[in-house]
Every structure is written in structure tokens, then in C-alpha cells.
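1. Could you work out the structure for the sequence below:
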Amino acid sequence: MKEPVSDIRIPYKLMEHVHTFEGHHKELRLEYSRVHSLRDHYTPGIKHPCSDKAGVYFLFDTDGYLAYVGSSVDCLGRRFAGHFEYGDAGRTFGVHKTFKDIGYYAAIGFLDDFCYEAAALELYLILQLSPRYNEKMRNANKQPVKVRLDLPTPPTQG
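-> I've put the predicted structure just below:
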């Protein structure tokens, strides 16, 4: 039996690039979140992994493919929350019109005084992976790298 969605880790292919970046910045100390389902887990006001830190966040589409990389130099939670619309009791009911099919998210927070490195990591990942919603910053000459979550298979009825 596969892990529940909240226990899914950030994909290895994405982490390879993060570790390459991290290798050039020996003093960096990063905190990694698990991948969370947007519908099941995101409510503003609830403390999410890395939400009060500078860092980088990832949005994955409903099929599990990396769709967007964003960053914040002071508060990931506030920056991340700006992409969504909320209904009764603050539950997420929609995604900003730019992001039509986002289903999962994850974050990497910076633990020390390296907040300025969040933007550098964001740009590095966009140039390496070319996520489809990062059109303005991605490398136009590079084919997007398919980074996909290992999602659990839904239980079969029968």
C-alpha cells in the first residue's frame, strides 16, 4: 500500500537540482516539507511547513507534474496564500485564474540568515526545469523537464 498524499516527498529529480544548488552554498540550512494536497490540507491561518520562513515553494498540477516554482524572502505562507481563493471557514475553493489545475504543493524553507538565496534558488530551478507557469523567467531554449510526484493509486472499487 502506498503512502497517503501528505507523506509524499518532494520528487528526487527536483531534489537533485536543489542539492546541486545547496552544494555551492555550504552554509545553507534548509527545511523540507512533505507534499500536500491542496484540497485536503491548505487553509489560511493554519501554520504550514516553512510558512514563516524565506524559501521556495512548488505547485504541482492535479496529475502530479511540477507546474510552478515561486519564492519569498520573508514569509512563504503569505506569498503562497496569494495564489488562492477562499470560501466558508477559510477553506481553499479555487486557485487564481493563472493556475487552473493545481492540486499539490510543497516548500523548502531557509533556516538561517540566507533569505536572499531564496530568489537565487527559485531562478536556478526555473532555468533548470522550465515549469510551464514560469513563462517569463524560464529558459526559452530548454525543453521543460518532466518532474512528477509519485502519487498513490486510488483504491479500486469492487
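2. in the longest helix seen in the chain, what counts as buried?
-> Longest helix of the chain, by residue count under DSSP state H: helix 116-129. Using 16 or more other Cβ atoms under 10 Å as the test for burial, helix 116-129 gives 117, 118, 121, 122, 123, 124, 125, 126, 128, 129. For the C-beta atoms, the positions are set from N, CA and C on the backbone; glycine is no exception.
3. Enumerate every residue touching the second one.
-> Residues counted as contacts of residue 118 (Cβ atoms under 8 Å, 6 or more residues apart in numbering) are 54, 55, 56, 71, 72, 73, 110.
4. now the spatially most central residue of the chain, what's its secondary structure?
-> Central residue of the chain (Cα atoms, centre = their mean): residue 58, 1.5 Å from the mean position. Residue 58 carries the three-state label strand when classified by DSSP: H, G, I helix; E, B strand; the rest coil.
5. Now it: closest residue in space, sequence neighbours ignored.
-> In this structure, residue 58 finds its nearest non-sequential neighbour in residue 106, 4.8 Å apart by Cβ to Cβ, 6 or more residues apart in numbering.
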